[in-house]
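Novice: sequence-free structure coming up:
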């Protein structure tokens, strides 16, 4: 696996409506997309910072992964996502290197990307997402 860049930093928030103004008014960024990812039980909002994006994640279900994370921690940095050419190949490479994966095969993510997660137990306690185009 050879990431080309940090694709985005995922930040879990209680409310997009409350969080977006900080990024727009204080940091001067523009929210260019809001999208619901039903499969992951989240609504997302995206901001571009150079080549990297900030992805805000609001849970649509308290039993979903973001809902549980916010209930436990109050929110904050949730994951770091790396862009790769081939998500399946990257997940396979990670497994062969002894990394525990959450997703053995890619699934659909926001912005039409294919994604897969590496377990924090194998990544120095940082939930790591691998992203690529379909």
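Specialist: Great, that's in hand. Only a predicted model underlies this, so the values are computations on that prediction, with no experimental measurement involved.
Novice: List phi and psi for the closest residue to residue 62 other than its chain neighbours.
Specialist: Spatially, and ignoring its direct neighbours in sequence, residue 62 is nearest to residue 71 (6.7 Å; CB to CB, 6 or more residues apart in numbering). For every residue, glycine as well, the C-beta is placed using N, CA and C. Note on residue 71: its backbone torsions stand at phi -60, psi -40 [degrees, to the nearest 10].
Novice: do you know how far residue 71 is from residue 80?
Specialist: Look at residue 71 and residue 80: by CB to CB, to the nearest Å, they are 21 Å apart.
Novice: Looking at the two, which is more packed in?
Specialist: The neighbour count for residue 71 versus residue 80, taken as other CB atoms under 10 Å, is higher for residue 80 (16 against 13).
Novice: list the contacts for the more buried one?
Specialist: Going by CB atoms under 8 Å, 6 or more residues apart in numbering, residue 80 touches 6, 9-10, 126-129.
Novice: could you redo the last one with a cut-off of 7 Å?
Specialist: 6, 9, 126, 128 (CB atoms under 7 Å, 6 or more residues apart in numbering).
Novice: Shouldn't the third one be within a strand?
Specialist: No - with DSSP: H, G, I helix; E, B strand; the rest coil as the criterion, residue 126 is assigned coil and is not in a strand.
Novice: What's the local residue count around it?
Specialist: Residue 126: 12 surrounding residues under other CB under 10 Å.
Novice: Mind jotting down where the strands sit in this structure?
Specialist: 5-13, 31-37, 42-49, 52-59, 76-83, 107-108, 113-118, 128-133 (DSSP state E).
Novice: quick one: which of those is nearest residue 91?
Specialist: strand 113-118 (4.6 Å; CB to CB).
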